[in-house]
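Novice: Fold the following, please.
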Amino acid sequence: MSGFDKYDAIKNEIQKRIDIVSLIERYVPLKRSGNKYMGLCPFHNEKTPSFSVVPNENGGYYNCFGCQESGDSFTFIMKKEGLNFLDAMRALAKECGVAWNIGESENSHNSSTRQNLLKATEFATNFFYNEMTKSDEAKNYFKSRGITGETAKEFRLGFAPNSWDKFLLAAKNAKFSEDLLIETALAKRNPNGVFAFFRNRFIFPIFDNSGRAVAFGGRAVGDEKPKYLNSSNTVLYDKSRIFYGYFQAQKEIRQQKTAILVEGYMDMISLYQNGIKNVIATCGTSFSEEKAKLLSSVCEKVVIILDGDDAGIKGAKNAVEALLPFEIELRYALIPGGHDPDDFVRENGKNEFLELVKNAQDGFSFLLENLEKEHNVANPAGKSKAVREISSVLANVKNEIMLSDFITKISTRWKISVSDVKRSIFALRKNKDSDENPQNYSFFDENKRIFYTEAGKILQLLFWYPQVLQDFSYDTSQDFFAEPFVNKLFLAMKNGKINGNSFLHDENLSEQEKNFLLILANERPNENEEEAKINAAEKIRKFRRIGLQKENEKLKEEIREEGDEEKRKEMLAKVAQNQREISALQKKKG
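Specialist: Reported below is the predicted structural model:
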């Protein structure tokens with residue numbers, strides 16, 4: 001069996017075994033509704049469920065009528081966990097107990113495939129950990145920070161020796177090329193050659209959501225600048241999508257439906273070691289929309305506890321603004337005395353820290369407080385600037401209940417009318433909407449329109465009852481239907497190229513075509529198979545008749561303009577032939 005055949009075999013076996021409902025319910029609650037399950041979409045912010053999941057013998061599929069996200073178990077895991085198709089298949093194979101019996105070993109690690117990049121980062125993780133166990137300086141540092149050997153092992157903490165080439169020589173002996181190490185950001189090249197990126201630093205491996213080391217953070221041993229040095233973005237690592245500690249904390253975050261957000265590696269590790277396991281770190285003060293989407297899909301509440309310095313306040317503000325558009329409760333806590341979470345929990349213990357979390361203030365109020373420090377809202381000019389700034393944030397909030405609450409708070413706190421606040425928000429929202437390209441949504445509206453046409457009804461019947469097509473022997477040309485993509489799907493069905501959920505991974509189909517097929521798959525027709533056969537036959541005959549009538553009209557115009565008598569006779573014969581078929585179609589019933 002070839003490699004491709006083995007992949008297909010594993011994919012097919014996963015589709016037979018996977019429970020797509022249970023898989024997706026880890027991210028969002030679902031409620032049964034007929035032959036499908038409904039819930040709030042995990043890919044966009046909404047208050048009315050428009051996300052459906054349909055299980056079937058081919059593994060099932062999901063579709064959102066709000067944001068048009070659609071796919072099967074493979075695409076869901078790829079999008080939610082940031083995996084490529086092969087990694088998603090490997091993860092689902094493990095989940096379903098499907099043997100992964102594909103040999104992927106190579107004689108060397110020089111090929112820059114994703115798997116080889118991961119082998120390089122795994123090698124580096126083990127190298128740094130082993131170096132840490134041999135370094136008294138590194139062991140004493142982690143011990144001084146209260147880190148136990150067990151925690152160091154769980155987070156695979158390490159040490160990069162003070163050498164330009166020790167790591168490179170070890171990697172070379174393990175058959176890793178310099179180019180591969182550069183691609184993983186473990187090495188850099190300058191005019192003098194290639195050198196190890198991390199040197200004389202305590203190492204914090206950064207794991208993806210599946211627990212694989214994809215990047216590293218390094219803290220300087222002495223006073224060297226910068227104090228922290230982090231991996232740059234690579235094929236494996238996108239800092240806008242990964243929280244430090246998320247792999248270790250994700251189970252607890254889902255169970256508690258709450259995430260505690262801190263700033264640094266040590267803050268996260270220290271809290272985790274002290275029994276506060278639903279904690280993650282931002283790895284800096286920036287906070288992306290991708291991170292906000294991830295948190296909104298796994299929890300209902302986020303408590304932000306960053307450092308109390310200017311950078312920490314700015315980071316907390318960024319996090320609140322990014323999370324505000326999502327239906328998630330936001331809280332902010334400032335640790336007293338200028339401490340960071342690591343200092344506080346080690347000095348005061350778990351219970352005192354949890355009390356701080358419990359008494360955290362409302363995140364939106366924190367946002368307003370900071371605007372009041374920046375602008376004097378007691379005078380009209382300052383108030384105007386503050387309203388404009390907060391309006392730019394609230395323009396992204398689509399939940400009307402939440403938005404109404406925020407507007408009321410602004411109105412009461414800043415003594416400004418509700419209507420004025422609304423006007424400011426909706427003016428910015430209107431400008432924002434006009435700047436957005438509506439193309440991403442237009443095909444979905446077009447698909448809904450076509451679904452309710454005669455052509456859409458035919459495709460629905462044929463999708464659910466493909467055997468009906470076996471009785472149709474007459475020619476159906478590329479322009480049988482008015483819409484080109486309907487013709488394409490009709491011919492694909494007729495030729496047996498659309499079967500089960502296979503269309504989700506068909507590279508020959510556009511996103512619009514896949515989306516339309518998902519609409520069909522989500523709406524079972526009222527007819528049984530025999531009724532479908534009759535109705536489909538009647539509708540197809542109608543389209544055939546209309547097509548012949550249009551052809552005759554065109555031929556008659558051409559006949560009037562044709563000067564060649566022989567060609568006129570040929571066209572007249574074709575008109576007569578078409579007319580006989582039209583008459584036969586009109587007489588035929590059932």
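Novice: what about the strand or helix carrying Asn535, distance to the chain center?
Specialist: Assessed by DSSP states H and E, Asn535 sits inside helix 529-561. Here helix 529-561 shows a centroid-to-chain-centroid distance of 44 Å under the convention Cα atoms, centre = their mean, to the nearest Å.
Novice: low pLDDT regions in the stretch 351-500 of the chain?
Specialist: Counting by pLDDT under 70, the stretch 351-500 of the chain has low-confidence residues at 430-445, 469-480, 482, 499-500.
Novice: Strands along that one, start to end?
Specialist: For the stretch 351-500 of the chain, applying DSSP state E, counting those that start in this stretch gives strands covering 361-362.
Novice: before we move on, what about the stretch 51-200 of the chain?
Specialist: Under DSSP E, counting those that start in this stretch, the stretch 51-200 of the chain gives strands at 51-54, 61-64, 70-71, 158-160, 187-190, 193-196.
Novice: how about TSV for those, with mean pLDDT and distance to Tyr237 added?
Specialist: (C-beta placed from N, C-alpha, C; glycine too.) Listed next are those as TSV, based on pLDDT from 0 to 100; distance: least, Cβ to Cβ, whole Å:
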stretch	mean pLDDT	distance to Tyr237
strand 51-54	90	29
strand 61-64	89	28
strand 70-71	86	24
strand 158-160	97	17
strand 187-190	93	15
strand 193-196	94	18
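Novice: Now do the same contact list for the residue most central in space within the chain.
Specialist: Central residue of the chain (Cα atoms, centre = their mean): Lys79, 3.5 Å from the mean position. Listed by Cβ atoms under 8 Å, 6 or more residues apart in numbering, the contact set of Lys79 reads Phe43, Glu69, Gly71.
Novice: Ile280 - that's part of a strand, no?
Specialist: Yes. Under DSSP: H, G, I helix; E, B strand; the rest coil, Ile280 falls within a strand.
Novice: what residues are up against it?
Specialist: So Ile280 contacts Phe243, Tyr244, Gly245, Tyr246, Ala249, Ile253, Ala259, Ile260, Leu261, Val262, Met268 (Cβ under 8 Å, 6+ apart).
Novice: Give me the nearest residue to it, chain neighbours excluded.
Specialist: Phe243 (4.0 Å; Cβ to Cβ, 6 or more residues apart in numbering).
Novice: Low-confidence stretches in this structure?
Specialist: Scanning the chain for pLDDT under 70 picks out 1-7, 82, 101-113, 284-285, 430-445, 469-480, 482, 499-502, 505, 588-590.
Novice: so what are the domain limits for it?
Specialist: 3-96, 114-230, 246-367, 375-431, 442-587 (automatic domain parsing).
Novice: winner for burial among those?
Specialist: Comparing those by mean neighbour count (mean count of other Cβ atoms under 10 Å), domain 246-367 ranks first with a mean of 19.
Novice: returning to what we had before: next, count neighbours for the residue nearest to Ile280.
Specialist: 26 (other Cβ atoms under 10 Å).
Novice: thinking again about what came up before, remind me what the helix holding Asn535 packs against, helices and strands.
Specialist: helix 454-464, helix 565-587 (3 or more Cβ pairs under 8 Å, 6 or more residues apart in numbering; DSSP states H and E).
Novice: could those helices be laid out in JSON lines, adding distance to Val393?
Specialist: Listed next are those as JSON lines, based on distance: least, Cβ to Cβ, whole Å:
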{"stretch": "helix 454-464", "distance to Val393": "41"}
{"stretch": "helix 565-587", "distance to Val393": "61"}
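Novice: what does stretch 398-410 contact?
Specialist: For stretch 398-410, using Cβ under 8 Å, 6+ apart, the contacting residues are 45-47, 325, 327, 364-365, 368, 387, 390, 394, 397, 416, 418, 421-422, 425.
Novice: let me fix that: stretch 60-69
Specialist: For stretch 60-69, the surrounding residues in contact (Cβ under 8 Å, 6+ apart) are 18, 20-21, 24, 41, 43-44, 46, 50-54, 70-73, 76, 79, 440-441, 444, 501, 504, 515, 518-519, 521-522.
Novice: What's the end-to-end length of it?
Specialist: End-to-end distance for stretch 60-69: 15 Å, by Cα to Cα, to the nearest Å.
Novice: Just checking the distance from it to the centre of its chain.
Specialist: On Cα atoms, centre = their mean, the centre of stretch 60-69 falls 12 Å from that of its chain.
Novice: closest to Pro205 among the contacts of Ile280?
Specialist: Tyr244 (9.5 Å; Cβ to Cβ).
Novice: On the strand side of things, show who that closest one bridges to.
Specialist: Ala281 (DSSP bridges).
Novice: What count of nearby residues applies to it?
Specialist: The number of residues packed near Tyr244 is 29, by other Cβ under 10 Å.
Novice: Phe128 against Ala152, yeah?
Specialist: No. Counting by Cβ atoms under 8 Å, Phe128 does not reach Ala152; the two are 11.3 Å apart.
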